[in-house]
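I need the structure of the sequence given here:
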Amino acid sequence: MKTVGFVFQTAPHGSTVGREGVDAILATAAYCEQIKVFFVADGVTQLLKGQQADAILSRNYSQSFKLFELYDIEDVYCCTQSLDERGLSADMLLVEPDLVTPAAIREQLGQCDQLLVF
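As a prediction, the model looks like this:
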């Protein structure tokens, strides 16, 4: 079976890209068992707790990341360097992804047959 990787590299709520990414993951999970999700660069901010999207009249989709467990999406990676560069820590995140180095992310990305970037 092919492995599909989803890469989040943009901040939430500035566009619909993040929400579309979550929707794509959940839809793909119905047909594919091999899914890997990566949060890099500004994409790590997608996982922050306490987002107030309604203040900018946007839909708060951040709670959807908690559905990954229900959909058996276990391979979720967050770049430690990206967190450090933004002054963020693991306790600020909604979910508990595997915190990995950029080198480890590159290795995991290499194992994906298809990549979708959001």
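
Show me the contact partners of stretch 87-95.
By Cβ atoms under 8 Å, 6 or more residues apart in numbering, the list of residues contacting stretch 87-95 from outside reads 44-45, 47-49, 62-63, 65-66, 68, 76, 78, 83, 96, 99. In this view, the C-beta of every residue, glycine as well, is placed from N, C-alpha and C.

Surely Lys2 forms part of a strand?
No: secondary structure assignment places Lys2 outside any strand; it is coil (DSSP: H, G, I helix; E, B strand; the rest coil).

If any of the contacts of stretch 87-95 are buried, give me the ChimeraX selection for them.
Only the buried members of these enter the following ChimeraX selection, criterion being 16 or more other Cβ atoms under 10 Å:
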select :44,45,47,62,65,68,76,78,83
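
Inside helices: which ones of the contacts of stretch 87-95?
With DSSP state H as the criterion, helices contain Leu83 from among the contacts of stretch 87-95.

which ones among the contacts of stretch 87-95 are found in strands?
Counting by DSSP state E, the members of the contacts of stretch 87-95 that fall within strands are 76, 78, 99.

give me every residue that touches the second one.
Translated: Cys78. Applying Cβ under 8 Å, 6+ apart to Cys78 gives the contacts 38-39, 44, 47, 90, 93, 97-100.

now do 10 Å
8, 37-40, 43-44, 46-47, 88, 90, 93, 95-100, 105 (Cβ atoms under 10 Å, 6 or more residues apart in numbering).

what do you get for the first one?
With contacts taken as Cβ under 10 Å, 6+ apart, Val76 has the following neighbours: 6, 25, 35-39, 47, 65, 68-69, 95-98.

Could you identify the buried members of those?
The neighbour-count test (16+ other Cβ under 10 Å) applied to these identifies 6, 25, 35-39, 47, 65, 68, 95, 97 as buried.
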